[in-house]
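Participant: What shape does this take:
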Amino acid sequence: MKPITIELNNISPHVRHAQYVQCPVGTFRVQNRIIYDYELYFIVEGNIRVIEERNEYVLKPGDIHFMKPFVQHERAALSDSGMLKYYSAHFDLLYHGKTDDFSALDEYVTKIEKREAPDARLFNRQYELVNNFTFPAQYSLADKDKLAAAFEILVNDYKLKKTDYSTLELKKDMLEIINLIHREINVDKIEISSDTSDRIVTNSLQTLIEKIEQYLKNGYSQEIDIGEVARKFNMSPSYMRRLFKAIYGRSPMEYVTDLRIENAKKLLLLTDYKIAYIANIIGYNDFFYFSRIFKKYTGLSPNTYRRSRISS
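Facilitator: A predicted model of the protein is given here:
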């Protein structure tokens with residue numbers, strides 16, 4: 001059926017099923033099926049390959065995957081050993097009423113196992129798209145712990161689903177999950193201007209950037225590849241640089257250079273180490289490159305800096 005478009009603030013999710021699954025990877029396989037509502041996966045452990053029509057995704061721990069209604073797909077674990085752990089939820093973005101509702105377990109599990117035909121009315125179900133926002137097929141959130149906690153609340157409330165009150169709880173839980181995802185993805189669309197007083201960063205992203213800052217502070221004396229750092233924290237290098245500069249007023253590499261130069265100053269004044277040795281201690285294997293950087297930052301060569309400060 002052709003979808004209808006709703007505004008973001010009109011989302012009122014109806015949760016049809018929610019679960020936390022732990023299983024040996026060899027037992028996990030979803031073969032060639034179509035679903036009639038939205039499905040959201042959040043991978044905790046293990047890797048899953050998803051093939052949907054012409055697209056293929058490899059989901060890793062920390063990844064989410066949104067499956068839209070009426071998309072033919074299959075899923076399989078990527079390993080023959082170990083455990084697979086994930087959260088999943090089936091939901092509509094609006095409640096369509098009892099006459100349009102159905103059991104996800106009956107349609108997606110029982111009938112497939114028994115090779116029974118699906119309920120024909122499901123092929124004509126209405127579903128919703130959100131104006132100016134597309135749920136990502138695959139995305140890795142920065143604040144995975146917060147998302148896991150939100151999913152845990154959803155699954156626990158689903159197990160207690162008996163009353164209208166619990167239905168409202170599920171609606172609230174699903175809205176919180178959608179909000180976490182939307183809020184973080186939407187930061188990508190925020191323009192961070194060259195005037196760093198004009199910055200907007202969500203709390204979860206600020207926490208992540210603070211972790212990156214601590215990682216750089218602890219490892220500044222080692223060789224640092226900013227691309228590797230970004231991958232370690234599941235971000236693109238350009239996005240990480242933009243957010244880091246928005247918070248700290250300089251790029252990650254500029255921050256590392258500042259740390260190195262400040263520590264070089266201390267070592268020049270408080271020790272009699274050779275300059276080449278100091279360069280090596282703070283992360284520069286090339287003495288001449290260190291000297292150029294030091295002079296650029298201080299206006300003096302390392303030797304001149306040491307002599308001038310000691311003599312004064």
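
Participant: Could you pull out the strands in the stretch 101-250 of the chain for me?
Facilitator: Secondary structure of the stretch 101-250 of the chain (DSSP state E, counting those that start in this stretch): strands located at 128-130, 139-140.

Participant: Arrange those in JSON lines, one row each, with mean pLDDT as further columns.
Facilitator: As requested, the strands of the stretch 101-250 of the chain are exported to JSON lines (pLDDT from 0 to 100):
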{"stretch": "strand 128-130", "mean pLDDT": "92"}
{"stretch": "strand 139-140", "mean pLDDT": "86"}
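
Participant: So which of those is nearest Leu122?
Facilitator: strand 128-130 (15.8 Å; C-beta to C-beta). Just so you know, the C-beta spots here come from the backbone N, C-alpha and C atoms, and that holds for glycine as well.

Participant: in stretch 255-271, what counts as buried?
Facilitator: 255-257, 259-261, 263-265, 267-268 (16 or more other C-beta atoms under 10 Å).

Participant: repeat for stretch 206-226
Facilitator: With burial defined by 16+ other C-beta under 10 Å, the residues of stretch 206-226 counted as buried are 208-209, 212, 216, 220, 224, 226.

Participant: now stretch 55-69
Facilitator: Neighbour-count burial for stretch 55-69 [16+ other C-beta under 10 Å]: 57, 59, 62-65, 67-69.

Participant: same check, this time on stretch 303-312
Facilitator: Across stretch 303-312, burial judged by 16+ other C-beta under 10 Å covers 305-306.

Participant: Distance from the chain centre to that stretch, please.
Facilitator: Between the centre of stretch 303-312 and the centre of its chain there are 49 Å (C-alpha atoms, centre = their mean, to the nearest Å).

Participant: List the residues that contact the closest residue to Pro24 other than its chain neighbours.
Facilitator: Nearest non-adjacent residue to Pro24, counting by C-beta to C-beta, 6 or more residues apart in numbering: Met83, 6.3 Å away. Going by C-beta atoms under 8 Å, 6 or more residues apart in numbering, Met83 touches 22-25, 45-46.

Participant: Now the residue lying closest to Tyr38 once chain neighbours are set aside: which helix or strand?
Facilitator: Counting by C-beta to C-beta, 6+ apart, Phe91 is the residue found nearest to Tyr38 once chain neighbours are left out, at 5.4 Å. Per DSSP states H and E, Phe91 falls inside strand 83-92.

Participant: partners of that strand, with directions?
Facilitator: The strands that strand 83-92 pairs with in its sheet are strand 14-24 (antiparallel), strand 38-45 (antiparallel) (by DSSP bridges).

Participant: Can I get that strand in CSV, CA atoms only?
Facilitator: Taking C-alpha atoms only, strand 83-92 is exported to CSV below (Å, rounded to 0.1, in the frame of the first residue of the first chain):
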residue,chain,number,x,y,z
MET,A,83,26.8,-16.2,20.5
LEU,A,84,24.5,-13.7,18.8
LYS,A,85,22.8,-11.1,21.0
TYR,A,86,20.4,-8.4,19.9
TYR,A,87,17.3,-6.4,20.7
SER,A,88,14.5,-6.1,18.2
ALA,A,89,11.1,-4.4,18.1
HIS,A,90,8.2,-4.5,15.6
PHE,A,91,6.1,-1.3,15.6
ASP,A,92,3.9,1.1,13.6
